[in-house]
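Visitor: starting from these lines, generate the structure:
(4 chains)
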2 protein chains.
Amino acid sequence: MRGIARLAHELGISTGTVSRALNGKPDVSESTRKRVLETARRLGYAPNHAARALAQGVTRAIGFMIELAPETASTNDYFFMGVFDGMQSILREFGLDLLVLPCASNEDHYTYLERVVSRSAVDGMILASTHRVDRRIELLQSSGIPFVTLGRSSTGEGYSWIDLDFEGVANALVDRLVSKGHRRIAVTVPPGEINHGPIFRDAYREALARNGIAFDPALVFATPRHEDGGEHVIDEILGMSSPPTAIVLLFELTAIGVYRRLRELGIEPGKDFAVTSFRNEPSIRFLSPPLTCYDLSLRDLGKSLARALLAQIPPYADAFPQGIVQARTPMFLKEGESDACGPDPHHRLRPARKQGSADAGDAMALKD
Amino acid sequence: MRGIARLAHELGISTGTVSRALNGKPDVSESTRKRVLETARRLGYAPNHAARALAQGVTRAIGFMIELAPETASTNDYFFMGVFDGMQSILREFGLDLLVLPCASNEDHYTYLERVVSRSAVDGMILASTHRVDRRIELLQSSGIPFVTLGRSSTGEGYSWIDLDFEGVANALVDRLVSKGHRRIAVTVPPGEINHGPIFRDAYREALARNGIAFDPALVFATPRHEDGGEHVIDEILGMSSPPTAIVLLFELTAIGVYRRLRELGIEPGKDFAVTSFRNEPSIRFLSPPLTCYDLSLRDLGKSLARALLAQIPPYADAFPQGIVQARTPMFLKEGESDACGPDPHHRLRPARKQGSADAGDAMALKD
DNA sequence: AGTTCTTTCGTAAGCGCTTACGAAGCTATT
DNA sequence: AATAGCTTCGTAAGCGCTTACGAAAGAACT
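Guide: As a prediction, this is how the structure comes out:
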């Protein structure tokens, strides 16, 4: 005899009563409840997870779906671990476990999620790496499983999401650069299906408009999420007929390539060319001059995600404000010296040996 | 009607047969198996996780217990994500889920593990951040749950572990420095209960012995896992009467502080003082001169861990070589220029303003 | 004293799946 | 033709827990 039956036998009462006592149900006398709890502790009883799940139709597990690069672990991983930590700190209070579901490709995401959902393996889902068009959202909505996304999709509505404050940061950085006199400000966004890029670019565009600056598509660079991306951006900029005097990077690691390439060309970041970036990340905290960028508490982000999710799951919802959450995490300025300079270009923006072929911006202008 | 019963009803057969057909049991005719599988697909059937777990006494989940710093997510996190990715790639092949169980403190680890074990929430455990004395190992051994540890404890025997190759790297780095003429080689190890430090220090000691160099306890520095730790080490070294000419760092981030402090004092790493480090990590790949260190595939490490664990779990063990695994992951040299110099000290190792008080080494020598 | 309400607990039917056992039907053996 | 063996499948008893329902017993009312 084991489990709850053992306790019941030991105490000479029924298993039903033991279960009610253990779960804090009302129709148990205080005296027997005390006895039950005491012997439960004495016998080292712990409820069987699967049996509870089966009986209650509840799994006590939350799924966290993230995108992990297939072969090379990307530096992005750091981001998830921070978020992760925050989520756990909330979930553990409620005895919930975290099932991490990493996926490589997009399609993989969908089929994997389908399986997880259909076998009712989780009580709720947290989706990261939200794509611009993300079918997972429809899937979850139609399946009725509570979920939150880290990042917004452009499709689907009425679900809870929490995102980084791309708008706020784009505004602040553009304003900052404009206040220093910059008018031609480049922006980099990563390629791919994740929705960060378009959101950031649009916010950048609006920030320019607010400052009365015309949007120039030639100043938007799609840059791979890698430090080498920064070098290519600089190369492209150097070939332009009317180059920018400042740049806003969405992916902070590109700053490394930007610095490196600028210096190879004798251009000093923060003196001859203003560099700013969206987010801070440990890998770049040793850059010199320090990069002006925004940072956030990954842990708080994780907590917010967990709370927004629990608010949708009946047994836990009481502890949280109701309704769907659509919020941006607060981000705070890490002021560096990488954008100390104004637009005054004494630096040779066009190097002796011309890089690349035709100016991409001019080419596009001709097309339009 | 739902689940397997629905399928059975649809096909006019019993639930037992459906179950056997689905699970590839032998006593089902090929024709009915085909029909079952077909309608299962058509109806989008997926087995209920909890019910299977209850009926089979198996959870299809593996626990991964890691140490997450409480408030500040440490850069160490990157390490886990890589390992993590590798583990998942194996576990998914077998339909196993990964339950990540992060803990802050040591005690926390133990009680948390106790709970997880007693409620039979996992089929196996992978323990990271193994401590020098780790009660979790006894707990798992006595509970009979299969497990592997990432890192060795000094207590307990007969369990599977996989560790980084501290011995190999310590040997190689010491040999390398000795071959360049260095005789006084310092080593840094992080403080705390994780067993890396002692293992690395002992390996370093043996490597010295093999090279006929006497071990000097004054050359062992307990350095916090943070880049500032590197600065303190240099400060201490500079106050020594007979300072080292080279250093082997266990925690690579300390290299940043080491470089910084050395340069503040006009000492150039790789020219005046040889710096090497145990492991490579993304945060330091931009150091200049590049750091001589060793690297490994985190993903392969994760895979090895998963395989070593599955080898112990009956339903999966067939696919793997039997027995307990006690292995070190292969590590390969990333040759930099941070240790290009020999011991020839034209550099002023003792700066004008003397740092700290008495030489710690001398103090210890007096004590003994 | 009879009725109603409350509190406390036992009973038992599930939750969806697995699996030992045995029955039925068939073929192969003597 | 009787026996043994094999294949295929249905039956039903769990796995450990929850929970609707009702029974028992005492308290509180008329």
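
Visitor: quick check: residue A:294 touching residue A:332?
Guide: Yes: counting by C-beta atoms under 8 Å, residue A:294 does reach residue A:332; the two are 6.6 Å apart. Every residue, glycine included, has its C-beta placed from N, CA and C.

Visitor: between these two, which has more neighbouring residues?
Guide: When residue A:294 and residue A:332 are compared for neighbours, residue A:294 comes out ahead with 24 against 11, by other C-beta atoms under 10 Å in any protein chain shown.

Visitor: contact residues of chain A facing DNA strand C?
Guide: For chain A, the residues in contact with DNA strand C (C-beta under 7 Å from any atom of the strand) are A:12-17, A:20, A:27-32, A:51, A:54-55, A:57.

Visitor: from those, which would you call buried?
Guide: Buried members of those, counted by 16 or more other C-beta atoms under 10 Å in any protein chain shown: A:13, A:17, A:20, A:28, A:51, A:54.

Visitor: near chain B, from the residues of chain A next to DNA strand C?
Guide: The subset of those within reach of chain B, by C-beta under 8 Å from any C-beta of the partner chain, is A:51, A:54.

Visitor: is it correct that residue A:5 falls within a helix?
Guide: Yes: looking at residue A:5 with DSSP: H, G, I helix; E, B strand; the rest coil, it is inside a helix.

Visitor: which residues touch it?
Guide: Neighbour list for residue A:5: residue A:15 [criterion: C-beta atoms under 8 Å, 6 or more residues apart in numbering or on different chains].

Visitor: again with the one 5 residues further on
Guide: Residue A:10 sits next to A:39, A:43 when contact means C-beta under 8 Å, 6+ apart.

Visitor: where does it land in three-state SS?
Guide: Once three-state DSSP is applied, residue A:10 turns out helix.

Visitor: one more: residue A:64?
Guide: Assigned with three-state DSSP, residue A:64 falls in the strand class.

Visitor: what sits opposite it in the beta ladder?
Guide: Residues in a beta bridge with residue A:64, per DSSP bridges, are residue A:100, residue A:126.

Visitor: now do the contacts for it.
Guide: By C-beta under 8 Å, 6+ apart, the neighbours of residue A:64 are A:84, A:87, A:98, A:99, A:100, A:101, A:125, A:126, A:128.

Visitor: please repeat the previous calculation with a cut-off of 6 Å.
Guide: A:98, A:100, A:126 (C-beta atoms under 6 Å, 6 or more residues apart in numbering or on different chains).

Visitor: so which of those is the most crowded?
Guide: That'd be residue A:126 among the contacts of residue A:64, by other C-beta under 10 Å, with 29 neighbours.

Visitor: could you identify the longest helix within chain A?
Guide: As assigned by DSSP state H, the longest helix anywhere in chain A is helix A:76-93.

Visitor: identify each buried residue in it, please.
Guide: For helix A:76-93, a neighbour-count test (16+ other C-beta under 10 Å) marks A:76-92 as buried.

Visitor: before we move on, back to that, contacts with DNA strand D among the residues of chain A next to DNA strand C, please.
Guide: Residues of these in contact with DNA strand D (C-beta under 7 Å from any atom of the strand): A:15, A:16, A:20, A:27, A:51, A:54, A:55.

Visitor: which of the helices or strands spans the nearest residue to the fifth one once chain neighbours are set aside?
Guide: Same thing as residue A:51. Closest residue in space to residue A:51, ignoring its immediate chain neighbours: residue B:54 at 5.3 Å, by C-beta to C-beta, 6 or more residues apart in numbering or on different chains. Assigned by DSSP states H and E, residue B:54 belongs to helix B:49-56.

Visitor: tell me the angle that helix makes with helix B:4-11.
Guide: Helix B:49-56 and helix B:4-11 are oriented at 90 degrees to each other (axes from the mean of the first three to the mean of the last three C-alpha atoms, to 10 degrees).

Visitor: contacts for helix B:49-56?
Guide: Helix B:49-56 has contacts (C-beta under 6 Å, 6+ apart) with A:50, A:51, A:53, A:54, A:119, A:121, B:59.

Visitor: contacts only, for the fifth one.
Guide: With C-beta under 6 Å, 6+ apart as the criterion, the residues that contact residue A:119 are B:46, B:47, B:49.

Visitor: measure it to residue B:21 for me?
Guide: From residue A:119 across to residue B:21, the span is 18 Å (C-beta to C-beta, to the nearest Å).

Visitor: wasn't residue A:28 part of a helix?
Guide: No: Residue A:28: not assigned to a helix; according to three-state DSSP it is coil.

Visitor: from start to finish, how long is stretch A:268-287 in a straight line?
Guide: Using C-alpha to C-alpha, to the nearest Å, one end of stretch A:268-287 lies 13 Å from the other.

Visitor: does it come close to chain B?
Guide: Yes: Stretch A:268-287 comes into contact with chain B (C-beta under 6 Å from any C-beta of the partner chain), by way of A:282, A:283, A:286.

Visitor: in ChimeraX, how would I select the buried members of those?
Guide: A single ChimeraX command is used to select the members of the residues of stretch A:268-287 next to chain B judged buried by 16+ other C-beta under 10 Å:
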select /A:282,283,286
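
Visitor: among the residues of stretch A:268-287 next to chain B, which one lies nearest to residue B:236?
Guide: Closest approach to residue B:236 among the residues of stretch A:268-287 next to chain B (C-beta to C-beta): residue A:286, at 22.0 Å.

Visitor: which residues sit in contact with the closest one?
Guide: Per C-beta under 6 Å, 6+ apart, neighbours of residue A:286: residue B:256.

Visitor: tell me the SS of it?
Guide: With three-state DSSP as the criterion, residue A:286 reads coil.

Visitor: and the residue of the stretch 1-150 of chain A nearest DNA strand C?
Guide: Residue nearest to DNA strand C within the stretch 1-150 of chain A: residue A:16 (2.8 Å; C-beta to the nearest atom of the strand).

Visitor: look up how far residue A:52 lies from that residue.
Guide: Note on residue A:16: its distance to residue A:52, by C-beta to C-beta, is 15 Å.

Visitor: host element of the closest residue to residue A:113 other than its chain neighbours?
Guide: Once flanking residues are discounted, residue A:113 sits nearest to residue A:136: 5.3 Å by C-beta to C-beta, 6+ apart. Assigned by DSSP H and E, residue A:136 belongs to helix A:135-143.

Visitor: elements contacting that helix?
Guide: Secondary-structure packing of helix A:135-143 (3 or more C-beta pairs under 6 Å, 6 or more residues apart in numbering or on different chains; DSSP states H and E): helix A:106-118.

Visitor: kindly tell me how buried the residue of the stretch 201-350 of chain A found nearest DNA strand D is, as a neighbour count.
Guide: Here the stretch 201-350 of chain A gets closest to DNA strand D at one residue, residue A:315, 9.4 Å apart by C-beta to the nearest atom of the strand. Residue A:315 is flanked by 12 other residues according to other C-beta under 10 Å.

Visitor: angle of the host helix or strand of residue A:33 against helix A:4-11?
Guide: Element membership of residue A:33 [criterion: DSSP H and E] is helix A:30-42. Here the directions of helix A:30-42 and helix A:4-11 differ by 120 degrees (the same axes, to 10 degrees).
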